[in-house]
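Q: Model the following, please.
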Amino acid sequence: MAFKPLSALRRGFGMLWRVVDVSRRTFMNLLFLLFVIIVVMILTSGGPKPIGDKTALVLDLKGDLVEQYQSSFQDTVLDTVGGDSKRSVRLRDLLTVLDAAAKDKSIGTVVLLLDQMDGGGMAMLREIGAAIDRVKASGKKVIAWGGTYDQKRYLVASHADEIYVHPMGMVLIEGFGGRRNYYRDALDKLGVTVNLIKVGTYKSFAEPYIANGPSEAAQEADSFLYNALWQDYTAQVEKNRKLPAGSVAKWIETLPQQMEAAGGSAAKVAQAAKLVDGLKTQDEIRAMLVKRGVYEDRIKSFRQVGYHDYLARHQPKPFGDAVGVITAAGNITEGTSGPNTVGGITTANLIRQAREDEQIKAIVLRVDSPGGSAYGSELIRRELELTRAAGKPVVVSMGSVAASGGYWISMAADEVIADPATITGSIGVFTILPTAEKVSDKLGIHTGGVTTTWLADAYNPLRPIDPRFSQLIQSSINHVYSEFTSKAAQARKTTAAKIDEVGQGRVWTGAQARERGLVDRLGSYRDALASAAKRAKLGEDYRVAYVERPVSRVERFLNMMGASTAQAVNIQVRLGLLEEAIPSGPMAQVAQDMAWLKDVADGRKPFAAVTHCLCGTP
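A: Numbers count the residues shown, from 1 in each chain. Predicted coordinates:
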């Protein structure tokens, strides 16, 4: 029989395909079997092991305190060096845990370990403090222990019944305020001219690029703001620790003498000032908790449950009428959201999604943003306006910062609730146009060509800005400011002239904003949820549904493999699937400021109206 190559090839290919097909079916069957085994194990496990009486809830809080999970390049570096992801503590999770503990008869004590807790603005810290107070009101003891209490950690710890510090530790309360870098001379030396066009006497965000120091208006506004925040901080600490008014300021003024008298022991100085109740090592704290609680031989320590374990026991209900919560945390951009940003399109889509969800009866917008793109802010505000028109109540809960664009997106709400320490306002608009004609002169670079109109090359970074273009932009910025003030006036039921009086780019605390009619009342995130539920006529048994950006397929896969959302984002950064952030280090602020200026120069548009405040979380 003659050899037929094509027939042999077909037979070989058929055998190969059968092998592949059998392997595929075998793999899928094994995968399905594994899935069935996991489901059976979950159904027969009976849920988490019950918590015994007199259990201590140990809150070992590690990482940045955030409104929503974030990622940065420095996190990735920490991953690489330390073999683990830098954790974040999400505010809503911590509040869930504390409020659950207040109602849980099995929890006898809450232990706060704060050495590795970082970040968080005053409003967030006050939220945690109020939750700790609710735990104490339920009759449970709250104990704080740490090695180093910085200003933020100590504010949280001050709400505890007892505060202990390591004998080699310290309490460091410094006050508010600081210095910022100014680049006028440096940019002049480089040959870069920054053209600032703005509306608002107090709109000081761009001052570092056009001056060598803060303006008198900026100094005035900052002094008014920081002094109010400092008074609020010291009043809280003195109330919590039952100290006379003015004790904290007096303690700081005489700190060098106190340190010398205590032989250089910062821990003893803190104890003498009654900022802490005692000096104890970690093993001494453990022995104290064993004595007060229940000893468990299995772990050779007191009966306890950890933060993440306890949180897993108290997840929100998946079904039923709900208040939808959308978080707007970070700088506002026009498009889609990346890490640490509020995308105008992304957030608007989330609001629309919540509006069209029949189970969501009201929306709470949690704002923690210093602003950004005016256009991106308007996309968000408009969707909230449409949501109210559709009959769903909207309540804004202001976090640590809700200023400029962060205030803009808050203007279409039935009610705006701010914390007394929220940084808000900053109603003003600006744009900056950097040019480098002096650089081109130094380097001998020349430009030339033909344009059909003057506007085609009106903004060329290598030439001085055309005065006609400056006039055009000023008109546009004036219009955006007019839109800002008129929309704010409509939302606050007042006149644009009165909004202009408290606008002009000036920032206020939440308490100051309330006095000036910029917010409806002072309160917490919890108050905002309750208000939204009441406006939607929901009962007390409503659920909270967090409406967030869809998880990408890469993140979903990594989550299936056991990585957290933060780790998944970090891995994508490392693989080049997401953009890196600015690295940390001594020059981090300079790098960040210059990167921001470069972003403006590289923007898609010839200019952008920016509603951003020179403010952050002090």
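
Q: Show me the strands in the stretch 251-400 of the chain, by range?
A: When secondary structure is read from DSSP state E, counting those that start in this stretch, the stretch 251-400 of the chain shows strands at 278-279, 295-296, 301-302, 304-306, 322-329, 331-333, 341-343, 360-369, 371-373, 394-403.

Q: same question for stretch 228-236, mean pLDDT?
A: Rounded to a whole number, the mean pLDDT of stretch 228-236 is 96.

Q: What residues sit buried inside it?
A: Of the residues in stretch 228-236, those buried under the neighbour-count criterion (16 or more other Cβ atoms under 10 Å) are A228, L229, W230, D232, Y233, T234, Q236. From N, CA and C alone the C-beta is placed, and that goes for glycine too.

Q: JSON lines for those residues, including distance to T451 and secondary structure?
A: Putting the buried residues of stretch 228-236 into JSON lines (distance: Cβ to Cβ, whole Å; DSSP: H, G, I helix; E, B strand; the rest coil) gives the following:
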{"residue": "A228", "distance to T451": "52", "secondary structure": "helix"}
{"residue": "L229", "distance to T451": "51", "secondary structure": "helix"}
{"residue": "W230", "distance to T451": "55", "secondary structure": "helix"}
{"residue": "D232", "distance to T451": "56", "secondary structure": "helix"}
{"residue": "Y233", "distance to T451": "57", "secondary structure": "helix"}
{"residue": "T234", "distance to T451": "61", "secondary structure": "helix"}
{"residue": "Q236", "distance to T451": "61", "secondary structure": "helix"}
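
Q: So A497: helix, strand or coil?
A: For A497, the assignment made with DSSP: H, G, I helix; E, B strand; the rest coil gives helix.

Q: Which one of the buried residues of stretch 228-236 is nearest to T341?
A: Relative to T341, the closest of the buried residues of stretch 228-236 is L229; by Cβ to Cβ it sits at 25.5 Å.

Q: hey, where'd the helices end up in the stretch 51-200 of the chain?
A: Remark: helices assigned in the stretch 51-200 of the chain by DSSP state H, counting those that start in this stretch are 73-82, 91-103, 122-137, 151-157, 184-190.

Q: deepest of these, which one?
A: Ranked by average neighbour count under the criterion mean count of other Cβ atoms under 10 Å, the helices of the stretch 51-200 of the chain are headed by helix 151-157 at a mean of 23.

Q: Which elements pack onto it?
A: Secondary structure elements in contact with helix 151-157, counted by 3 or more Cβ pairs under 8 Å, 6 or more residues apart in numbering; DSSP states H and E, are strand 117-118, helix 122-137, strand 141-149, helix 216-240.

Q: Using a markdown table, please lay out those together with distance to Y407.
A: Shown next, in a markdown table, are the helices and strands packed on helix 151-157 (distance: least, Cβ to Cβ, whole Å):
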| stretch | distance to Y407 |
| --- | --- |
| strand 117-118 | 27 |
| helix 122-137 | 14 |
| strand 141-149 | 33 |
| helix 216-240 | 15 |
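
Q: which regions of the stretch 451-600 of the chain lie under the pLDDT threshold?
A: Along the stretch 451-600 of the chain, the model assigns pLDDT under 70 to residues 550-600.

Q: I figured L518 hits A491, correct?
A: No: at 9.6 Å, L518 does not count as touching A491 under the criterion of Cβ atoms under 8 Å.

Q: the more surrounded of those two?
A: Neighbour count, other Cβ atoms under 10 Å: between L518 and A491, L518 has more, with 25 against 18.

Q: Just the pLDDT for the closest residue to that one other than its chain neighbours.
A: The spatially closest residue to L518, leaving aside those adjacent along the chain, is G425, at 5.9 Å (Cβ to Cβ, 6 or more residues apart in numbering). According to the predicted model, the pLDDT of G425 comes to 94.

Q: Which strand residues bridge G425?
A: The residues paired with G425 through beta bridges, assigned by DSSP bridges, are A403, V507.

Q: what's it in contact with, if anything?
A: For G425, the contacting residues are A403, Y407, V502, G503, R506, V507, W508, A513, L518, C613, taking Cβ atoms under 8 Å, 6 or more residues apart in numbering as the criterion.

Q: most surrounded residue in the residues you listed?
A: Neighbours here are counted as other Cβ under 10 Å. On that basis the top member of the contacts of G425 is Y407, with 34 neighbours.

Q: Neighbours of the nearest residue to it once chain neighbours are set aside, how many?
A: Computed as Cβ to Cβ, 6+ apart, the closest residue to Y407 that is not its neighbour in sequence is T424, at 5.7 Å. Residues within reach of T424, counting by other Cβ under 10 Å, total 30.

Q: Next one: V194 from A374, what distance?
A: Distance of V194 to A374, computed by Cβ to Cβ, to the nearest Å: 19 Å.

Q: Just to check, I409 is in contact with E385?
A: No: shown here, I409 and E385 do not form a contact pair, counting by Cβ under 8 Å, at 10.7 Å.

Q: Look at these two and report which has more neighbours.
A: The residue with the greater number of neighbours, taking I409 and E385 and applying other Cβ under 10 Å, is I409; the counts read 31 against 17.

Q: And that one, what's its pLDDT?
A: 97.
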